[in-house]
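Participant: Quick one, fold the following:
(6 chains)
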Amino acid sequence: MTIKKFMMVNRKAPYGTVYALESLEVVLIAAAFEQDVSLAFLDDGVYQLKKGHQTKGIEMKGFEKTYGALEDYDVTKLYVDQESLAARGLTADDLCVPVEIMSRAELGKRMEEQDVVLSF
Amino acid sequence: MTIKKFMMVNRKAPYGTVYALESLEVVLIAAAFEQDVSLAFLDDGVYQLKKGHQTKGIEMKGFEKTYGALEDYDVTKLYVDQESLAARGLTADDLCVPVEIMSRAELGKRMEEQDVVLSF
Amino acid sequence: MLNIVNKSPLDRGSLDACLQSAEPGAILLIEDGVYAATRGSAGEAKLKAAGGKFKLFALGPDMEARGIADRAMDGVTLVDYAGFVDLVAEYDTCQSWL
Amino acid sequence: MLNIVNKSPLDRGSLDACLQSAEPGAILLIEDGVYAATRGSAGEAKLKAAGGKFKLFALGPDMEARGIADRAMDGVTLVDYAGFVDLVAEYDTCQSWL
Amino acid sequence: MKFSILINEGPYTHQASDSAYQFAKSVLAKGHEIFRIFFYHDGVNNATRLTTPPQDDRNIVNRWSKLAEENKLDLVVCVAAAQRRGIVDEGEAKRNGKDATNLAPGFRISGLGQLIEAGIQSDRLVTFGD
Amino acid sequence: MKFSILINEGPYTHQASDSAYQFAKSVLAKGHEIFRIFFYHDGVNNATRLTTPPQDDRNIVNRWSKLAEENKLDLVVCVAAAQRRGIVDEGEAKRNGKDATNLAPGFRISGLGQLIEAGIQSDRLVTFGD
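Facilitator: Residues are numbered from 1 along each chain as shown, chains lettered A, B, ... in the order given. This next block holds a predicted model:
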């Protein structure tokens, strides 16, 4: 099968909208199709990776664990924008999974290399 | 019937979302119930009043004329934020109906006087 | 007036709009709006710049869901949904800055 | 890359995100994104600050619908839906900054 | 105190309907009255009985139906918004020649006047949306 | 050239579905091929045949059905998103014990793999959303 470079661009916070959750579903399917999958987190998207989600009080299903499970699907390219973290008072220690932190410009270069960019 | 002060707060541009149109429907019904209705336009909401809508190219129904018809329903309190106009390069001459232009602070005072504030 | 803000302060203009327009009163942050109340964020700076004009509240369950309940900035009071109801009852009117 | 922006530059962060991140290429403004291309607006200032990094396009039908087709800033090319298709075909990939 | 609630977004995509539900439960728990809950814009999509969310997720529509039944709540769906989005009861199906209905139990379809009336009759009207 | 289109928002509330429709028409008019149009998130709400928009407004659902019929387009609705939001065909109704269906002509319900396949098989994938 043709292998293409798919990037999922995540710019939205979790729980306020469903996009973070439904974008993860796309990631898992793309991985099942053995595509070259990467995830970019910038702007409010970096909040998706903030560890310690406790969703009982809002009666929604938490999906923090899914980020940790991505490695089992050979999805290991998680790129996070440094500036977006800083503007939100976050550092690498706050994130629930290991990621590659880079500048916006570097993230833009990775975007440019893709065959398909999906934004949620 | 009890008469209450209803204010519809419009902060979204027209056509990109349906809120501007569906908020007008609420205004007309509130007027039919003989309530004390006012409309506030601030931020991108001021774009709703930009004259010269030509919606043929996007095949959507234009509703610029509805603002002009509000007077027939005795809805005459249209308040527009001066700063929002300025940031968008607009002046009173650009608007499709006569309005009262005021500062954000003045607009905030009008909000404070309301019984019911509906935002779209 | 109780002002209810449900959007992230860095993605949307609704918190700015509220801070710039509303008369002194209270602000309750809910949903993605709670990010404004996190220490060290650009949202916190916006809230602090408003000085003491508004009493600040944030919905605890929304902060917990997002893993930021332990990051609440000074000067903001966390409430649960019952507290949300009390706030709506306490102020004569409320406005959701959508 | 063809960057497609469909949000107003004063309400949402998507144009800023695109301008700060994307490699040199093109930007096509559609839907409420077209407001960025109006003369005298804060959106125009953002686009001008990007210098010549991006070729700028805006969807004419969306500008007409909003009554701003005669307000297009210098340096932006108006296209119709057929031109939209041509732009997508011309660039290897496209990204919608939602 | 008498509350009404306006919900402008559908289930699952935005948190609005979730927040409104938790708020409504607490209003009742506090001993207040809920005069009406009005569904407008995409909010009308909360009123379809055809959803089948994942078993480990909340069922937003059923939750509203149950809350309405247990507390005799008045859940009103805006007719114009419902027509645009395909929310249909028996009467609407007949009037508009539709071959199926999807309105969930506990909801009724009516006009925007019901929203204005809620604003007039209630001490507080709280909006949840996007 | 082979195009696919992803639509993330429902009809009427956001312009996404309108823009995607105008874009799709122009793709075809230019002599390109449309491999697939995929409806995800609230986009699945474009696929209900129960809408009755005002007579002087465009009928978004019918427009898609007609375009699909005339051009043999493959309109695919994500099954997981459809289940959450109440978009149902005969098969789904049977599987999930629903007493009605609402899927419009020209649409079919299938998995997310259809979106990835569209990305692989098409030269361009264009997203319309909020």
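Participant: Now A:Glu22. Nearest residue, chain neighbours left out?
Facilitator: F:His41 (5.7 Å; Cβ to Cβ, 6 or more residues apart in numbering or on different chains). Where C-beta positions appear, they are placed from N, C-alpha and C, glycine not excepted.
Participant: Angles on the backbone of the residue lying farthest from the centre of chain E, please.
Facilitator: Among the C-alpha atoms of chain E, the one most distant from their mean position (Cα atoms, centre = their mean) is that of E:Gly97, at 23.8 Å. For E:Gly97, the backbone dihedrals are phi 70, psi 40 (criterion: degrees, to the nearest 10).
Participant: Same check on E:Lys25?
Facilitator: phi -60, psi -40.
Participant: quick one: pLDDT of it?
Facilitator: pLDDT for E:Lys25: 98.
Participant: Repeat that for E:Arg63.
Facilitator: 98.
Participant: my read: it touches E:Gln22, true?
Facilitator: No: contact criterion Cβ atoms under 8 Å: E:Arg63 and E:Gln22 do not qualify, at 10.1 Å.
Participant: The two: which is more packed in?
Facilitator: Between E:Arg63 and E:Gln22, counting by other Cβ atoms under 10 Å in any protein chain shown, E:Gln22 is the more crowded of the two (22 against 18).
Participant: what number of residues lie near residue 21?
Facilitator: No chain specified, so I'll use chain A. A:Leu21 is flanked by 19 other residues according to other Cβ under 10 Å.
Participant: ah, no, chain E please
Facilitator: 24.
Participant: Name the SS class of it, please.
Facilitator: Following DSSP: H, G, I helix; E, B strand; the rest coil, E:Tyr21 is assigned to helix.
Participant: so how far is D:Leu2 from it?
Facilitator: 41 Å (Cβ to Cβ, to the nearest Å).
Participant: wait, is C:Gly83 part of a helix?
Facilitator: Yes: under three-state DSSP, C:Gly83 sits within a helix.
Participant: Using PDB, write out every CA atom in the helix or strand encompassing E:Phe3.
Facilitator: E:Phe3 belongs to strand E:2-7 when assigned by DSSP states H and E. Below are the C-alpha coordinates for strand E:2-7, written out as PDB (Å, rounded to 0.1, in the frame of the first residue of the first chain):
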ATOM      1  CA  LYS E   2     -37.500  30.500  38.800                       C
ATOM      2  CA  PHE E   3     -34.800  29.600  36.200                       C
ATOM      3  CA  SER E   4     -34.900  29.100  32.400                       C
ATOM      4  CA  ILE E   5     -32.000  27.700  30.300                       C
ATOM      5  CA  LEU E   6     -31.200  28.300  26.600                       C
ATOM      6  CA  ILE E   7     -29.000  25.800  24.800                       C
END
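Participant: burial measure for residue 73, as a count.
Facilitator: You didn't say which chain, so I picked chain A. By other Cβ under 10 Å, 15 other residues sit near A:Tyr73.
Participant: let's do chain C instead
Facilitator: By the criterion of other Cβ under 10 Å, C:Met73 has 19 neighbours.
Participant: Up against chain B, what does chain C have?
Facilitator: C:1, C:13-14, C:17, C:20-23, C:25, C:93-98 (Cβ under 8 Å from any Cβ of the partner chain).
Participant: cool, and chain E?
Facilitator: Residues of chain E lying near chain B (Cβ under 8 Å from any Cβ): E:6, E:8, E:40-41, E:80-81, E:111-113, E:115-117, E:119-121, E:125, E:127, E:129.
Participant: quick one, what contacts the closest residue to A:Glu100 other than its chain neighbours?
Facilitator: Once flanking residues are discounted, A:Glu100 sits nearest to A:Tyr79: 5.4 Å by Cβ to Cβ, 6+ apart. Neighbouring residues of A:Tyr79 by Cβ atoms under 8 Å, 6 or more residues apart in numbering or on different chains: A:Ser38, A:Leu39, A:Ala40, A:Phe41, A:Val99, A:Glu100, A:Met102, A:Leu107, A:Arg110.
Participant: Are we agreed that A:Tyr79 is in a strand?
Facilitator: Yes: the assignment for A:Tyr79 by three-state DSSP puts it in a strand.
Participant: circling back to that earlier point, what does the model give the residue farthest from the centre of chain E for pLDDT?
Facilitator: For E:Gly97, the pLDDT comes out at 97.
Participant: again with the one 4 residues further on
Facilitator: At E:Thr101 the predicted local confidence, pLDDT, stands at 98.
Participant: Near it, how many residues? Count them for me, please.
Facilitator: 20.
Participant: Which of the three states applies to it?
Facilitator: Assignment for E:Thr101 (three-state DSSP): coil.
Participant: these two touch, right, it and F:Ala100?
Facilitator: Yes: contact criterion Cβ under 8 Å: E:Thr101 and F:Ala100 qualify, at 6.3 Å.
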